[in-house]
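Peer 1: Let me see the structure of the following:
(one chain, ligands or ions: 1)
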Amino acid sequence: YRKSALSVMATHFGRVAAMANGRVPFDAAAIANNAAIAESISKLPWAGFVDGSGVGDTKAKPEIWSDNAKFKAASEKMQGEMTKLAAVAKGGNIDAIKAQAGVTGGTCKGCHDDFRKE
Ligand code: ASC
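Peer 2: Coordinates of the predicted model:
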């Protein structure tokens, strides 16, 4: 469940990032739609990090459970920045979207650096 939710979120955030980076032509409606979906999905993965589920085919590091307050804080930071991205995306200002997409992507990376195995 958590892998699926993170994968769907990454797909929709990736569509925003691709337009913010200029790899895909800017489309205001598509960027707002994808950012809104990424924001919704950002709330979902966390219920999947059940105690004892850090075994088997997973990149989840044990620190998710041993330092759970830090993990929770990192996940909440990302959700907050995803909410800001959805709001900015609605506004349609490409420079503001670019800036916020960078901040939001940084919160994805920050959590991966600490809590995801290579
Ligand atoms: C993505 C994605 C991530 C983040 C990260 C940002 O599109 O799937 O995990 O952005 O690469 O640094």
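Peer 1: and Trp65, what does it touch?
Peer 2: Phe49, Asp51, Gly54, Phe71 (CB atoms under 8 Å, 6 or more residues apart in numbering). For glycine as for every other residue, the C-beta is placed from the backbone atoms N, C-alpha and C.
Peer 1: now it: how far from the ligand?
Peer 2: From Trp65 across to the ligand, the span is 21 Å (CB to the nearest ligand atom, to the nearest Å).
Peer 1: What helix or strand is that residue located in?
Peer 2: Per DSSP states H and E, Trp65 falls inside helix 63-66.
Peer 1: tell me the mean pLDDT over that helix?
Peer 2: In this model, helix 63-66 has a mean pLDDT of 98.
Peer 1: now do stretch 16-30
Peer 2: 96.
Peer 1: could I have that stretch exported to PDB, CA atoms only?
Peer 2: Output of stretch 16-30 as PDB, limited to C-alpha atoms (Å, rounded to 0.1, in the frame of the first residue of the first chain):
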ATOM      1  CA  VAL A  16       4.500  19.100 -12.000                       C
ATOM      2  CA  ALA A  17       8.300  19.000 -11.800                       C
ATOM      3  CA  ALA A  18       8.600  18.200 -15.500                       C
ATOM      4  CA  MET A  19       6.700  21.400 -16.300                       C
ATOM      5  CA  ALA A  20       8.400  23.500 -13.700                       C
ATOM      6  CA  ASN A  21      11.800  22.400 -15.100                       C
ATOM      7  CA  GLY A  22      10.700  23.100 -18.700                       C
ATOM      8  CA  ARG A  23      11.100  19.500 -19.800                       C
ATOM      9  CA  VAL A  24       7.400  19.400 -20.700                       C
ATOM     10  CA  PRO A  25       5.500  22.500 -22.100                       C
ATOM     11  CA  PHE A  26       3.800  24.500 -19.300                       C
ATOM     12  CA  ASP A  27       0.100  23.800 -19.100                       C
ATOM     13  CA  ALA A  28      -1.500  25.700 -16.200                       C
ATOM     14  CA  ALA A  29      -4.600  23.500 -15.900                       C
ATOM     15  CA  ALA A  30      -2.500  20.300 -16.000                       C
END
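Peer 1: I'm done for today, thanks for sticking with me.
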